[in-house]
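# Quick check, what structure comes out for this input:
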Amino acid sequence: MQTERNHIDLPTLFAVLTLMVLSLGVVYSASSTWALARHGESEWLLGKHATKVFISFLTIFVFMHIDYKVFKKYSKPVLIAAVFLLLVTLAFGGEVKGAARWLRLGGFGLQPSEFAKYALLFHLCTMMATKGEAVRDLKRGFLPMLVWMVTVTVLVLLQPNFSTAAMTIGISFVMLFVGRAKFRHIAGSVGALIPLLVVFAVGAEYRLRRILAFLADSDEANYQVWQGIIGFGNGGIFGLGPGASRQREGFLPQSFDDFVYSIIGEEYGLIGTVLVVSLFLIIMLRGMKIARYARDEFGMFLAIGITSTITLYGLVNASVALGVLPTTGLPMPFVSYGGSSMFFSSIAIGVLLNISSQTDMHPRLAPTADGVRPMEPSKSAVGKVY
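A predicted model of the protein is given here:
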């Protein structure tokens, strides 16, 4: 009998697909009043969202069949392409609410910052796995990675997109810590970058007003947050029922995007919100288990990075809706309306599932004349990767 490592982690796939299916009903309900008033049909946004869900669904199944080790070879050119797209966005990107975050070609729109955050993550994992212990060396290991991190972060800040930039740089530093970079290098870099982030945070009047309103707990300035909390109160334990939201009737702006969690709480109650958090918890626990059983360091780093990114985005979005954090504009992965976030997160989940298929988490036995195939040893040769 031979051990065939070809069984993906089904709990992770189930959790993601459940979130996607749930998003269809929630986005439709949250957007129906807005779509009817603006476009004359309540299903206008549902059709667009359903198409994005279907494409993302297929994307997961495509990428889970691609050997994750392939991305190690192409991580640098992909990251260079992401930086180029960020530069193009600054020069020619379409503005939404005063920020140039989108590239549009006909009816197709792309948010390059969503692409860049994963491109950076994949290349950092490549560099850490290739350099090995050289990551602890300031010149050969740490600084080349820091240059990429700062480049992507600054370009995203200039859009301006402070929340995505802060999450990108934060997750990157977490990955450096996981990759065994020296703590004093990380601490020194964080200390040097904090003033830059603070300047950008308070440099725009609307961000400063948002932060001060959160600290002062102002009802008028925190209108969106309070309307979201009212939604949770309306839902109680069991919710008002699918499609019965009251807050969507012009009270809660962006209810199908940034505050989709509030609509879940209103229509499905405490049970619905706990279910969503539980699904993200499943993704987190299974993702970390996949990292533990990964066959090489690149797979381990990649599994940790993908899992951390998706679960942290979900946690931050839910925290904003509950008034725990200031309004950020970050989407809830696989639930909020938005094609770029769902598409690139689906690629990441597909890669995570491929990593899981090459572990011993779910072995399948098949008859063979050769007997059991031994695990391949991990390879972590140190080399120059910039």
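# Helices of the stretch 151-300 of the chain, residue ranges please.
Assigned by DSSP state H, counting those that start in this stretch, the helices in the stretch 151-300 of the chain fall at 162-178, 183-203, 205-216, 223-235, 260-293, 297-321.
# Let me see the mean pLDDT of the third one.
Per-residue confidence for helix 205-216 averages out to 65 on the pLDDT scale.
# swap in stretch 343-360?
Here stretch 343-360 scores 94 as its mean pLDDT.
# quick one: buried residues of that stretch?
343-359 (16 or more other CB atoms under 10 Å). The C-beta positions use only the backbone N, C-alpha and C, and glycine is treated the same way.
# Could you do stretch 269-289 as well?
Within stretch 269-289, the residues that count as buried by 16+ other CB under 10 Å are 269, 272, 273, 276, 279, 280, 282, 283, 284, 286, 287, 289.
# Can you tell me which of the helices of the stretch 151-300 of the chain is most buried?
Mean neighbour count (mean count of other CB atoms under 10 Å) peaks for helix 297-321 among those, with a mean of 23.
# same for that one, what does it pack against?
In this structure, helix 297-321 packs against helix 112-131, helix 162-178, helix 223-235, helix 260-293, helix 339-357, with contacts taken as 3 or more CB pairs under 8 Å, 6 or more residues apart in numbering; DSSP states H and E.
# can you rerun that using 6 Å?
helix 112-131, helix 162-178, helix 260-293, helix 339-357 (3 or more CB pairs under 6 Å, 6 or more residues apart in numbering; DSSP states H and E).
# what angle sits between the longest one and helix 339-357?
Okay, so that is helix 260-293. Interaxial angle, helix 260-293 versus helix 339-357 (axes from the mean of the first three to the mean of the last three CA atoms, to 10 degrees): 30 degrees.
# starting at the chain centroid, how far to stretch 166-173?
11 Å (CA atoms, centre = their mean, to the nearest Å).
# where does the stretch 101-250 of the chain have low pLDDT?
105-107, 202-221 (pLDDT under 70).
# which SS state does the closest residue to residue 341 other than its chain neighbours fall under?
Nearest non-adjacent residue to residue 341, counting by CB to CB, 6 or more residues apart in numbering: residue 331, 4.6 Å away. Counting by DSSP: H, G, I helix; E, B strand; the rest coil, the backbone at residue 331 sits in coil.
# Can you lay out the helices of the stretch 151-300 of the chain as a markdown table showing distance to residue 48?
What follows is the helices of the stretch 151-300 of the chain, written out as a markdown table (distance: least, CB to CB, whole Å):
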| stretch | distance to residue 48 |
| --- | --- |
| helix 162-178 | 22 |
| helix 183-203 | 32 |
| helix 205-216 | 27 |
| helix 223-235 | 23 |
| helix 260-293 | 15 |
| helix 297-321 | 20 |
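# To residue 9, which of those lies closest?
Residue 9 lies closest, by CB to CB, to one member of the helices of the stretch 151-300 of the chain: helix 260-293, at 5.5 Å.
# do you know which of the helices of the stretch 151-300 of the chain lies nearest residue 149?
Comparing those by CB to CB, helix 162-178 comes nearest, at 4.7 Å.
# In this structure residue 12 contacts residue 288, no?
No. Using CB atoms under 6 Å, residue 12 makes no contact with residue 288, being 10.9 Å away.
# quick one: which of the helices of the stretch 151-300 of the chain is nearest residue 129?
It's helix 297-321; of the helices of the stretch 151-300 of the chain, that one is closest to residue 129 (CB to CB) at 3.8 Å.
# Tell me how far the closest one lies from the chain's centre.
That offset, for helix 297-321, works out to 6 Å (CA atoms, centre = their mean).
# State the mean pLDDT of it.
On average, helix 297-321 scores 95.
# Report the angle between that helix and helix 260-293.
Computed by the same axes, to 10 degrees, the angle between helix 297-321 and helix 260-293 is 160 degrees.
# Just want the angle from helix 297-321 to helix 162-178.
Using the same axes, to 10 degrees, helix 297-321 lies at 140 degrees relative to helix 162-178.
# which residues touch helix 297-321?
With CB atoms under 6 Å, 6 or more residues apart in numbering as the test, helix 297-321 has contacts from 72, 121, 125, 128-129, 171, 175, 178, 228, 259, 261-262, 280, 283-284, 287, 290-291, 294, 325, 327-328, 330, 332-333, 348, 352, 355, 378, 380.
# Identify the residues contacting residue 81.
Residue 81 neighbours (CB under 6 Å, 6+ apart): none.
# can you pull the buried residues of the host helix or strand of it?
Under the criterion of DSSP states H and E, residue 81 resides in helix 70-92. For helix 70-92, burial by neighbour count (16+ other CB under 10 Å) applies to 71, 72, 75, 76, 78, 79, 82, 83, 85, 86, 89.
# okay, now the residue nearest to residue 301 when sequence neighbours are not counted: neighbour count?
Counting by CB to CB, 6+ apart, residue 125 is the residue found nearest to residue 301 once chain neighbours are left out, at 3.9 Å. Residue 125: 27 surrounding residues under other CB atoms under 10 Å.
# what's near enough to touch residue 125?
So residue 125 contacts 298, 301, 302, 305 (CB under 6 Å, 6+ apart).
# if I look at the last one, how far off is residue 82?
Distance of residue 305 to residue 82, computed by CB to CB, to the nearest Å: 15 Å.
# what's the answer for residue 240, then?
Residue 240 is 42 Å from residue 82, by CB to CB.
# Residue 187 too?
For residue 187, the distance to residue 82 - CB to CB - is 27 Å.
# what comes into contact with stretch 179-194?
By CB under 6 Å, 6+ apart, stretch 179-194 touches 128, 135, 136, 138, 142, 146, 173, 176, 177.
# one more time with 10 Å, if that's ok
By CB atoms under 10 Å, 6 or more residues apart in numbering, the surrounding residues in contact with stretch 179-194 are 124-125, 127-129, 131-133, 135-138, 141-143, 145-146, 149-150, 153-154, 169-170, 172-177, 197, 297, 300-301, 304-305.
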